[in-house]
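K.L.:
Sequence first, then the predicted structure, then my questions.
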Amino acid sequence: MTKYMRHAAAFCALLMVALLVNAARVQVVQAPSYDGNAANRRSAIARYGQPRGDILVDGIPVTGSKDTGEQLRHERTYRNGPLYAPVTGFASQVYGTTFLEHAEDGILSGTDPMLSPFPLWNDVTRARNRPGDVVTTLNRAAQEAAYRGLGARKGAVAAVEPSTGRILALVSTPSYDPAELSGNGDRVTSAWARLNDDPEQPMLNRAVRQTYPPGSTFKVVTAAAALDAGTVSDLDAPTDSPDPYRLPGTRTRLTNESDDCEDTSVRTAFEWSCNTVFAKLGVDVGLEAMASTAQAFGFNDTGLRIPFSVAPSTFDTQVDKAQLALSSIGQYNTRATPLQMAMVAAAVANGGQVRTPYLVERTVRKGGETVATTGSRPIRQAMNPATAVRMRELMTDVVREGTGANAAIPGATVGGKTGTAQHGIGNSGVPYAWFVSWAQRDDQLEPRVAVAVVVEDAAADRGDISGGGDAAPIAKAVMRAVLDS
Amino acid sequence: MTKAGTTVAARQAPASDVRLPRRRGIELALIVLAVLLSVYGYCDVGLAKTGTVPPGALGYGAGLGVLALLAHIAVRVRAPYADPLPLPIGVLLNGLGLVLIYRLDLETPGDRAAPAQLVWSTLGVALFIVVVLLLRDHRVLQRYAYVSVVTALALLMVPILFPAVNGAHIWILFAGFSIQPGEFAKVLLAVFFAAYLAANRNALAYAGRRIWFVQLPTGRVLGPVLAIWLISVGVLVLERDLGTSLLFFGLFVVLLYVATGRTGWIAVGLLLAVLGAVAVGWLEPHVHSRVQDWQHPFATIEAGLGPNQLAQSLFAFAAGGVLGAGLGLGHSILIGFAAKSDFILATAGEELGLAGLSAIFILYGLLVERGYRAGLALRDPFGRLLALGLASIVALQVFVIAGGVTGLIPLTGMAMPFLAQGGSSVVTNWTIVALLIRVSDSARSQYDGRVAP
């Protein structure tokens, strides 16, 4: 009997070995694939187990976290949600993240390996890093001025610091409160449906994700191309421009809003926004030079990230002369984001150099220790410095005595350009009002701010729409806010 | 200095060179360690979940300590030669089980299971003390073989009259308590099998006709035991308690093999097991789905229905890794309603890791090994088969449930001895430990001062 008892004992030992081997299989060998299974809630629970890091504007958080005591414990909160929505985006437990919440998710959720005190430290301890904060380049006063300026109208504002590319304001209206999407309940689902079905598209980030025909504001690019290419050497010399201008190879006649455009000088044409002069100028400069200048300003760049991606602004390079004429006054296939037009204004203000725009100054640990700073960003020369000097003149003239008078600020030099962009089939849509500008306080060495404003005001009477009337006051408020801060 | 007890013992035992150490001091030290470990775990859970030592820590430690100490005194008095390991192992596993259930209670504030478990544990230890004090010699049980089997069958059949809970007819709901009579039937059946096989093992092994290469015993000898076994398994299949029917099956085959020494029984047993498993797996939808879950644990995820319990259990084990998340820091509550009972091991696996899980398996392994050791040291066939049967119950039960929740074999609902929530189970397991203490005392005392091995 002893022998058989020993056999039975061996059998039991075998069962135990099988259990141990299988446990090792599940807990060690298969563990990574089980951990990574999308149906495994643990990563979500860990993600929301600690308060999310904050997004800072002027050193003050515009975000927060709320402890719900639920399984997914912390929910995102927003201070002035609609004001900063185009920057922060949302951080939803159901619908994921967008914009800075998305681009800086590693820092904000604490998964970025840079947050750990030593390399591989967290792999050993299995601890989670404390999330870090994201310090933005935004200027609170400028952001508020832009939001207030747009008010109930549909539109967008982008402001950058010309010498660095720091984005000072990024506003899109109508906006929404991202806090509505933070949690995971029925309220979030219905808010999501409502926001997506809204014809006003409150979640569309018009400042960086929507392109508009830039209209006359594109004349800044055309003028710069003409000066650089040598097509124009004397701004005050009369041009050989008919009014109306027949588009080459077509019977279409291009007219102007203002009178006295025939054969007028580039300076006057710029001041009063003569379409005929600039359409012809574009054709005279030629497609190649126009395209290369536009691209130097940032058009056709599909890779721009600030750090979230920006919709590429376009300048069509496969056009005939008639189309080039229209493209040169910001129509046809020319389209730009407000941020792109702010870059155009900034290039003029910054001696012809385009600084790549960025929104994140640096990322920090809780307590302020820097994790990473936005490194040096590429710089492009959009035009010769000499050209930039003359473009500054043209733009300041617009504000001093032209269509942009509404943007003038006492004690500061302001350059600007208005635009009224036709769009829709047969130009039937309510035109977009544009204004691009930059400002330099008289007691300072360089321009502090460049702004682009677009107002797509569907409610306004068509006759009232003009860059100078609708958009320039908003740009002025933003510029003042920056100059005063 | 001579203590009274020692002098008496010395007087009773005539002069001899062979004296086995009693090792009661070691048992006491191990019990203290087991209690301290449990209290440590209890505090650890509180610190992890709320940042404070739970207010009940002192009471919990004192309660567990007093229970263990009373059990130890009972052993000291009535089973002084008993193996010093089974009692501390029982205390540690029971203490750890209470910690795990308490920890899971924190996730389900509306449904607290730890207080009831503590009451049942107290009852279990009380029964342990009763058995150790009253049962002077395990051979007495042999006389009650038929009483045992009748009681066992009755206990097994009673739940059929009660409504099913979660698809299985294995509970009796009584005054707010749910009792699982099948648990008690285990020990009673082990007693019966051991007694019957010990009495008839020669007839089983050598009489009867030989068919092909299997020496069949006479029907008169094999008939009754086969009938009882078939009834038990049949009833359990009706009640859908497949884990227990598998356990009885294994227990019967192991005991039959050891009693007769015929390998043929193993072959027949395995053949029957495979046939039965295939038939049940094919016909019974409850089992069929379990087998499917086992083969494809993530099928429900792929179907967009979310993870099922087995998938959640596997996720929990995987999340534990080698060192575990730490007590209180896992998310095994995601498993759902059976997290505190059938799936308690997943919490251990997630929060204590492979290291802790291995330690738990080794504790069970030691308990089983001590049972076998006691059986090997005994002279009487009944005692040997009883010890072996009790140890095998623990081994098979641990294998069936642990193998089920870790995806090694299809899942069958069973209670992890001592760890899982379940009063009947805790009481039964304390009885098993009491009987192991009793047989080990007999095994070791028979050499003391009397006959050298």
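P.N.:
Arrived safely.
K.L.:
Pull the number of nearby residues for the residue of the stretch 201-350 of chain B found nearest chain A.
P.N.:
Proximity of the stretch 201-350 of chain B to chain A (C-beta to the nearest C-beta) peaks at B:A318, 3.4 Å away. From N, CA and C alone the C-beta is placed, and that goes for glycine too. A count of nearby residues for B:A318, using other C-beta atoms under 10 Å in any protein chain shown, gives 24.
K.L.:
how about it, secondary structure?
P.N.:
Each residue gets one of three states, and B:A318 gets helix by DSSP: H, G, I helix; E, B strand; the rest coil.
K.L.:
doesn't A:A23 make contact with it?
P.N.:
No. Using C-beta atoms under 8 Å, B:A318 is not in contact with A:A23, being 10.8 Å away.
K.L.:
Just give the number of residues close to residue 200.
P.N.:
Since no chain was named, I'll use chain A. Residues near A:E200, counting by other C-beta under 10 Å: 13.
K.L.:
was after chain B, sorry
P.N.:
Neighbour number of B:N200 under other C-beta under 10 Å is 20.
K.L.:
what does the one 3 residues further on give?
P.N.:
Neighbours of B:A203 under the rule other C-beta under 10 Å: 15.
K.L.:
helix, strand or coil for it?
P.N.:
Applying three-state DSSP: B:A203 is helix.
K.L.:
Return the distance of B:Y40 relative to A:L227.
P.N.:
Distance, B:Y40 to A:L227, using C-beta to C-beta, to the nearest Å: 81 Å.
K.L.:
neighbour-wise, which of those two wins?
P.N.:
Per other C-beta under 10 Å, whichever of B:Y40 and A:L227 has more neighbours is A:L227, with 24 against 15.
K.L.:
Name the secondary structure element that contains the more buried one.
P.N.:
Assignment of secondary structure by DSSP states H and E places A:L227 within helix A:219-229.
K.L.:
A:V171 too?
P.N.:
If you go by DSSP H and E, A:V171 is part of strand A:167-173.
K.L.:
Now do the contacts for the closest residue to chain B within the stretch 201-350 of chain A.
P.N.:
Going by C-beta to the nearest C-beta, chain B is nearest to A:M203 of the stretch 201-350 of chain A, at 27.1 Å. When contacts are counted by C-beta atoms under 8 Å, 6 or more residues apart in numbering or on different chains, A:M203 touches A:85, A:176, A:195-196.
K.L.:
Just the buried residues of these.
P.N.:
A:85, A:176, A:195 (16 or more other C-beta atoms under 10 Å in any protein chain shown).
K.L.:
Would you reformat the residues you listed as JSON lines and include pLDDT, secondary structure and distance to chain B?
P.N.:
Formatted as JSON lines, those follow (pLDDT from 0 to 100; DSSP: H, G, I helix; E, B strand; the rest coil; distance: C-beta to the nearest C-beta, whole Å):
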{"residue": "A:A85", "pLDDT": "96", "secondary structure": "helix", "distance to chain B": "32"}
{"residue": "A:Y176", "pLDDT": "96", "secondary structure": "coil", "distance to chain B": "30"}
{"residue": "A:L195", "pLDDT": "95", "secondary structure": "helix", "distance to chain B": "26"}
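K.L.:
Export those residues to JSON lines and append columns for distance to B:P307.
P.N.:
JSON lines is the format used below for these (distance: C-beta to C-beta, whole Å):
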{"residue": "A:A85", "distance to B:P307": "35"}
{"residue": "A:Y176", "distance to B:P307": "34"}
{"residue": "A:L195", "distance to B:P307": "31"}
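K.L.:
What is the strand holding A:V171 packed up against?
P.N.:
helix A:81-88, helix A:140-150, strand A:155-160, helix A:472-484 (3 or more C-beta pairs under 8 Å, 6 or more residues apart in numbering or on different chains; DSSP states H and E).
K.L.:
Put the alpha carbons of that strand into CSV.
P.N.:
The C-alpha coordinates for strand A:167-173 follow below in CSV (Å, rounded to 0.1, in the frame of the first residue of the first chain):
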residue,chain,number,x,y,z
ILE,A,167,1.3,81.9,-29.9
LEU,A,168,-0.3,84.6,-27.7
ALA,A,169,-4.0,84.0,-28.5
LEU,A,170,-6.0,81.3,-30.3
VAL,A,171,-9.7,81.8,-30.2
SER,A,172,-12.6,80.3,-32.1
THR,A,173,-16.3,81.1,-31.8
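K.L.:
How about the longest helix seen in chain B and chain A, touching?
P.N.:
Counting residues, the longest helix found in chain B (DSSP state H) is helix B:344-377. Yes. Applying C-beta under 8 Å from any C-beta of the partner chain, one finds helix B:344-377 touching chain A at B:349, B:353-354, B:357-358, B:361, B:364-365, B:368-369, B:372, B:375-376.
K.L.:
C-terminal to that helix, what's the next element?
P.N.:
Counting by DSSP H and E, the next helix or strand C-terminal to helix B:344-377 is helix B:381-405.
K.L.:
quick one, that next one and helix B:344-377 angle?
P.N.:
Going by axes from the mean of the first three to the mean of the last three C-alpha atoms, to 10 degrees, helix B:381-405 is angled at 160 degrees with respect to helix B:344-377.
K.L.:
chain center to helix B:381-405: distance?
P.N.:
Per C-alpha atoms, centre = their mean, to the nearest Å, the displacement of helix B:381-405 from the mean C-alpha position of its chain is 7 Å.
K.L.:
Just the angle for the next helix or strand after that helix relative to helix B:381-405, thanks.
P.N.:
Once helix B:381-405 ends, the next helix or strand along the chain (criterion: DSSP H and E) is helix B:423-445. Going by the same axes, to 10 degrees, helix B:423-445 is angled at 140 degrees with respect to helix B:381-405.
K.L.:
What residues sit buried inside helix B:423-445?
P.N.:
B:423-445.
K.L.:
Name the residue of the stretch 1-150 of chain A with the shortest distance to chain B.
P.N.:
A:Y34 (3.4 Å).
K.L.:
neighbours of that residue, just the number please.
P.N.:
With other C-beta under 10 Å as criterion, A:Y34 counts 21.
K.L.:
Quick check: which element contains it?
P.N.:
helix A:31-35.
K.L.:
likewise A:W434?
P.N.:
strand A:432-441.
K.L.:
which neighbours does that strand have in its sheet, and in what orientation?
P.N.:
strand A:412-421 (antiparallel), strand A:449-455 (antiparallel) (DSSP bridges).
K.L.:
okay, and for the stretch 351-453 of chain B, where does confidence drop off?
P.N.:
Applying pLDDT under 70 to the stretch 351-453 of chain B flags residues B:447-453.
K.L.:
Tell me if I'm right that A:A408 and A:R400 touch.
P.N.:
Yes. In terms of C-beta under 8 Å, A:A408 counts as a neighbour of A:R400; the distance is 7.0 Å.
K.L.:
Any regions of chain B where pLDDT drops low?
P.N.:
Using pLDDT under 70, the flagged stretches of chain B are B:1-20, B:166-169, B:174-177, B:207-219, B:236, B:447-453.
K.L.:
Tell me where it has strands.
P.N.:
Ranges of strands in chain B, per DSSP state E, are B:172-174, B:177-179, B:210-211, B:214-215.
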